[in-house]
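Enquirer: the following block contains a protein sequence and its predicted model.
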Amino acid sequence: MAAVEFMNLLPADTTQDELQVVFLVGARVIQTLRKLVAEEAGQGLAEKSAEAWMAVLEKRTEAEMMKKDETIRELTAQREKAHEEMYQLRTECIRTAAEERILAAAKEAQMQEQIRALEKEKSQVRAQVEMEFKSAAQTEQEAVVSLLTKQMQELKAAAAAATPVNKSNLQGRSGEDWFYELANRAFQTHDGFQAEMTRNKSHSGDVILQFKQGKILVDVKNFQTSDIKSQDLKKLRRDMDENSHIRIAWMVSIDRPVPHFNKYPFMLDIQDEFVFCYINSLKHCENPGLLLQNAWYASMTLYERLLSLRTEDSRAVEDGRATIMQFKKGVEVELQSIRETRALIRNLQVRVDESEKNLVSLLNYEVHRQLEAGVSLVRAWWEKRMIRAEKSRVKSSVLFEAFHGDEPCLSLEGFRGGIVEILGVQKSRTSDFVVVGWALNEN
């Protein structure tokens, strides 16, 4: 009979595994009761009735539930404390990260400002060097022209004694051939001199003069009825670009002057790092060979000056570049330190999040376990004290008063949560609600 009543208490869909758990729990309860009987028998209380033993068991159960309730409160307090510590730690991490970002941005801005200042200083130095170079080149050119003019005046008397150039030889020959022969006579005593006819080579001018100090690319123009055009000057510049190892170029006009460069018998110009010499109306000069020698001297002097200034400018540029590279290296070191700090903060944040997740999971598990125990307690009381009544309406607070009289170890929120789980309704655990269709069994 008892077995039938026991089986009626079980839900219809109870599985074999669940029955096994129920039997195990029942066996343990019987063992506990027998142990209690033995203990009480030793104290002379064996004559107590089964109701007295149940009262003892209920007291033990109540004490255990109160202990579990206390454990829940402690875990809840620990969880709140852990949340507070996590919040403070996260706030500290965020503040530290923000400070690091602000510091990094400030350092980067400062470094960028210093780089811009260095670039500006470099541009100013370059502009100043270029200005000084142009001024020095102009002064040098004027000095050379003045010196050559004086030399030409002094050598006029000696020029008459020199072997004159037979200008009539020009007739019937090209200007390149005439210049080639003139250059060989004028520079035959110069160290390392050689003359090469290059008029049949593209982008090589007409003649290349080679000296110990370097080479000169010569473009000869023998225009008698038309002027030299700007295209001819541009072609000479393109030829120099194709022969970057040659730094001096001559534009030699046999008959007519070179436009824009006809103030003197020859004039010098500087374009980038090239020296250009424009020789005007060479065949009309009293001593063409002497004029070529003076043009060579002026071109070489100006080129040596240009080379000296270029070396100084290169040294200044290299010093500035070395300073900038050193500064950039320092910037890279700082940026690497900032990146490592950010990575460390990210790793710390990940560990904090993982710890918080694990702690929350642990607390949730413990709370859920305790809630399940509370639901089981409410379910047992409900099956014992509640009956179906279609027209009945009773508040959860009233039911809790009756429950609390029987089971004082569970809070109001826990009791309401048990009712919600039993009835399967959507109700708040923190506010009072009405249970419909159920009534207290006063019997």
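Expert: Looks like it came in fine.
Enquirer: can you verify Glu85 is assigned to a helix?
Expert: Yes: counting by DSSP: H, G, I helix; E, B strand; the rest coil, Glu85 is found in a helix.
Enquirer: report pLDDT for it.
Expert: Here, the pLDDT recorded for Glu85 equals 71.
Enquirer: burial count for it?
Expert: Using other Cβ atoms under 10 Å, Glu85 is surrounded by 14 other residues. Where you see a C-beta, it was placed from the backbone N, CA and C, and this is true even at glycine.
Enquirer: same deal with Asn287?
Expert: 20.
Enquirer: now do Cys277
Expert: Using other Cβ under 10 Å, Cys277 has 23 neighbouring residues.
Enquirer: so it sits right up against Ala298, yeah?
Expert: Yes: the pair Cys277 and Ala298 qualifies as a contact (Cβ atoms under 8 Å) at a distance of 7.1 Å.
Enquirer: between those two, which contacts overlap?
Expert: Phe266, Leu268 (Cβ atoms under 8 Å, 6 or more residues apart in numbering).
Enquirer: okay, buried residues for stretch 205-224 please.
Expert: Neighbour-count burial for stretch 205-224 flags 205-211, 214-222 (criterion: 16 or more other Cβ atoms under 10 Å).
Enquirer: actually, stretch 256-272.
Expert: For stretch 256-272, a neighbour-count test (16+ other Cβ under 10 Å) marks Arg256, Pro257, Val258, Phe261, Asn262, Pro265, Phe266, Met267, Leu268, Asp269, Ile270 as buried.
Enquirer: ramachandran coordinates for the first one?
Expert: Arg256 has phi and psi values of phi -110, psi 160 when expressed as degrees, to the nearest 10.
Enquirer: let's see the pLDDT reported for the nearest residue to it once chain neighbours are set aside.
Expert: Leaving aside its sequence neighbours, Arg256 sits nearest to Phe223 (Cβ to Cβ, 6 or more residues apart in numbering; 5.4 Å). pLDDT, Phe223: 83.
Enquirer: contacting residues for Phe223?
Expert: Ser253, Ile254, Asp255, Arg256.
Enquirer: so the second one sits against Asn280, correct?
Expert: No: shown here, Ile254 and Asn280 do not form a contact pair, counting by Cβ under 8 Å, at 10.0 Å.
Enquirer: where's Glu372 relative to Glu421, distance?
Expert: Using Cβ to Cβ, to the nearest Å, Glu372 is found at 9 Å from Glu421.
Enquirer: Gln110: how many residues sit nearby?
Expert: Neighbour number of Gln110 under other Cβ under 10 Å is 12.
Enquirer: that one falls within a helix, correct?
Expert: Yes: using three-state DSSP, the assignment for Gln110 is a helix.
Enquirer: residue contacts, Leu182?
Expert: Contacts of Leu182 (Cβ under 8 Å, 6+ apart): Val165, Leu282, Pro288, Gly289, Leu292.
Enquirer: rerun at 10 Å
Expert: By Cβ atoms under 10 Å, 6 or more residues apart in numbering, Leu182 lies in contact with Val165, Asn169, Ala195, Val252, Ile254, Leu282, Lys283, Pro288, Gly289, Leu291, Leu292.
Enquirer: related to what we said a few turns ago, quick check, nearest of the buried residues of stretch 205-224 to Glu92?
Expert: Glu92 has its nearest neighbour among the buried residues of stretch 205-224 in Gly214, at 71.0 Å by Cβ to Cβ.
Enquirer: what's the spacing between that closest one and Lys234?
Expert: From Gly214 to Lys234 the distance is 23 Å (Cβ to Cβ).
Enquirer: kindly report the same for Gln110.
Expert: 48 Å.
Enquirer: Arg199 too?
Expert: 19 Å.
Enquirer: and stretch 193-209, what's buried?
Expert: Across stretch 193-209, burial judged by 16+ other Cβ under 10 Å covers Phe193, Ala195, Thr198, Ser204, Gly205, Asp206, Val207, Ile208, Leu209.
Enquirer: what's the most distant pair in these?
Expert: Farthest pair in these, by Cβ to Cβ: Phe193 and Ser204, 18.3 Å.
Enquirer: contact partners for Tyr87?
Expert: Per Cβ under 10 Å, 6+ apart, neighbours of Tyr87: Glu356.
Enquirer: in its sheet, what does the strand or helix carrying Leu268 sit against?
Expert: Using DSSP states H and E, Leu268 sits within strand 266-271. The strands beside strand 266-271 in its sheet (DSSP bridges) come out as strand 274-279 (antiparallel).
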